[in-house]
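Peer 1: Here is the input, now give the coordinates:
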Amino acid sequence: MKSFLSHLECTNCSETFSCDEIHTTCPACKKVLYARYDLASAKRQFSKEDLAIRPPDMWRWFELMPVRNAGNVVTLGEGHTPLLHASVLGRQHGTSKLFIKEEGLNPTGSFKARGLSAAVSKAKELGVTSIAIPSAGNAAAALSAYGARAGISAHVYMPADTPDMMKTEVVAYGAELTLVDGLINDAGRELREVADANGWFDISTLKEPYRAEGKKTMGFELAEQFDWTLPDAIIYPTGGGTGIVGMWKAFDELEAIGWIGSKRPKMISVQSEGCAPIVKAFNEGASSAPLWENAQTIAPGLRVPVAIADYLILQAIRESNGTAVAVSDTETLSALRTIARSEGIFAAPEGAATYAAYIKLLESDFLNREEKVVLFNTGSGLKTPALFQ
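Peer 2: Numbers count the residues shown, from 1 in each chain. Modelled structure (predicted):
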């Protein structure tokens, strides 16, 4: 297997950089860097037949992943999660075209395993010996696990009121845990104050180029699971937004190598009414989303008051003719119980929010019952048992 990784490119000013050196954001404009590939060569040398005979994890897409030497891959078997037909929920709404992508079956119980596997693998390849992250919960658990797997020291800064299970995971994996009074942006600020002095590489969401490369594999898998077509709509819970922008990137790469056509799903961002900066910016026609003050929600992964990739999220939503919708915590809890009792899936509150949004979008006629729709459950509800106490 050979990666066709070629360079890094700024998503704002289009400056290019070497992918064989450590980078964070664009030095010129401080915006997100993307990993770019020689897709013309990949089209000639990478085939669906190659994919079919490989082990069932996200690294079967090695040609379109950012690690050059397979010996540097740090994996726990992440990816290749099931796409489940939500037949019972669908019948309740008069549709046979509702699906759930079940990311809670990833290592460490969430989709964060994908991004952190990719980021830690590339950090290892570039010689990084100490990594750090601010996290609302699941990313902290994933970084700690993959850091342990790689033999790289990990340092986690997270809000003090993060669910206890996620704190326990960090400690169990041997990472250094610092609890912060405030939200994830406050944790990020405290981390940045000490990271450089301690020689830690900060793997914050989209502040380095490679977490998105792990997340994009969700888009690769959807295309494969739908026999090289795409659904009509993807409903995705949005905090930092790496999932949406990663999948949007994946679809362009798949089209470039000739595996799918130009049709794209409506990309639908779901946030909490208590923290909805992307929804507000979308509704106002803005190209960026300012800090949301006093963010509050029961869904830790949605309590992200500001996202560095706001402009990329909004771009994907608009280019796809999608939308952004906010749901209440009450609606999220109701959806969580309904998904569990109807489909046997104990969803994370972030994942349950997508079903609450689906109901709203049907009622408003933004979606119809003939459209093939995928809800993303991004994690396991076992991480947040207090919601049922």
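Peer 1: all helices of the stretch 1-150 of the chain, in order?
Peer 2: 39-45, 48-52, 87-92, 112-125, 138-150 (DSSP state H, counting those that start in this stretch).
Peer 1: and the ones you listed, which is most packed in?
Peer 2: helix 112-125 (a mean of 29; mean count of other CB atoms under 10 Å). No exception for glycine: its C-beta is placed from N, CA and C like everyone else's.
Peer 1: per-residue confidence averaged over that helix?
Peer 2: For helix 112-125, mean pLDDT is 97.
Peer 1: related to what we said a few turns ago, same list (the helices of the stretch 1-150 of the chain) but as TSV, adding distance to residue 193.
Peer 2: Formatted as TSV, these follow (distance: least, CB to CB, whole Å):
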stretch	distance to residue 193
helix 39-45	40
helix 48-52	44
helix 87-92	46
helix 112-125	21
helix 138-150	18
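Peer 1: Please tell me I have it right and residue 235 contacts residue 270.
Peer 2: Yes: with contacts defined as CB atoms under 8 Å, residue 235 counts as touching residue 270 at a distance of 6.0 Å.
Peer 1: Mind listing the shared neighbours of the two?
Peer 2: Residues within reach of residue 235 and of residue 270 at once, by CB atoms under 8 Å, 6 or more residues apart in numbering, are 354, 357.
Peer 1: Have a look at these two and say which one is more surrounded.
Peer 2: Between residue 235 and residue 270, residue 270 has the larger neighbour count (other CB atoms under 10 Å), namely 32 against 28.
Peer 1: So which elements touch the helix or strand where the more buried one lies?
Peer 2: Following DSSP states H and E, one finds residue 270 within strand 266-272. On a contact count with 3 or more CB pairs under 8 Å, 6 or more residues apart in numbering; DSSP states H and E, strand 266-272 meets strand 233-237, helix 242-256, helix 277-283, helix 310-319, strand 323-327, helix 349-363.
Peer 1: picking that back up, residue 213 is nearest to which of the helices of the stretch 1-150 of the chain?
Peer 2: Nearest to residue 213 among the helices of the stretch 1-150 of the chain is helix 112-125 (4.6 Å), distances taken as CB to CB.
Peer 1: Mind giving me the packing neighbours of the closest one?
Peer 2: Partner elements for helix 112-125 (3+ CB pairs under 8 Å, 6+ apart): helix 138-150, helix 211-215.
Peer 1: Let me have those helices in CSV, extended by distance to residue 357 and mean pLDDT.
Peer 2: Output for these, formatted as CSV (distance: least, CB to CB, whole Å; pLDDT from 0 to 100):
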stretch, distance to residue 357, mean pLDDT
helix 138-150, 20, 95
helix 211-215, 20, 97
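Peer 1: So which of these is nearest residue 359?
Peer 2: Here helix 138-150 is closest among the helices and strands packed on helix 112-125 (CB to CB), at 24.7 Å.
Peer 1: Kindly provide the distance from the residue of the chain most remote from its centre to residue 347.
Peer 2: The centre of the chain is farthest from one residue, residue 94, which by CA atoms, centre = their mean lies 29.7 Å away. Noted for residue 94: a distance of 22 Å to residue 347, by CB to CB, to the nearest Å.
Peer 1: looking at this protein, which helix or strand is least sure?
Peer 2: Within the chain, no helix or strand scores below helix 184-198, which has a mean of 91 by mean pLDDT, DSSP states H and E.
Peer 1: Residues contacting it from elsewhere in the structure, which ones?
Peer 2: 130, 132-136, 155, 157-159, 178, 180, 200-202, 204, 239, 291, 303-306.
Peer 1: Now do it against helix 138-150, angle only.
Peer 2: 30 degrees (axes from the mean of the first three to the mean of the last three CA atoms, to 10 degrees).
Peer 1: where does helix 184-198 sit relative to the chain's centre, distance-wise?
Peer 2: 22 Å (CA atoms, centre = their mean, to the nearest Å).
Peer 1: Flag every buried residue along it.
Peer 2: By neighbour count on 16 or more other CB atoms under 10 Å, the buried set for helix 184-198 is 184-185, 187-188, 191-192, 195.
Peer 1: Export these as JSON lines, with columns for distance to residue 255.
Peer 2: Output for the buried residues of helix 184-198, formatted as JSON lines (distance: CB to CB, whole Å):
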{"residue": "184", "distance to residue 255": "34"}
{"residue": "185", "distance to residue 255": "35"}
{"residue": "187", "distance to residue 255": "37"}
{"residue": "188", "distance to residue 255": "34"}
{"residue": "191", "distance to residue 255": "37"}
{"residue": "192", "distance to residue 255": "37"}
{"residue": "195", "distance to residue 255": "38"}
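Peer 1: Could you tell me the phi and psi values at residue 179?
Peer 2: When quoted as degrees, to the nearest 10, the phi and psi of residue 179 stand at phi -90, psi 140.
Peer 1: Please tell me I have it right and it contacts residue 158.
Peer 2: Yes: applying CB under 8 Å as the test, residue 179 and residue 158 come out as touching, 6.4 Å apart.
Peer 1: Compare the two (neighbour count), which wins?
Peer 2: residue 158 (26 against 13).
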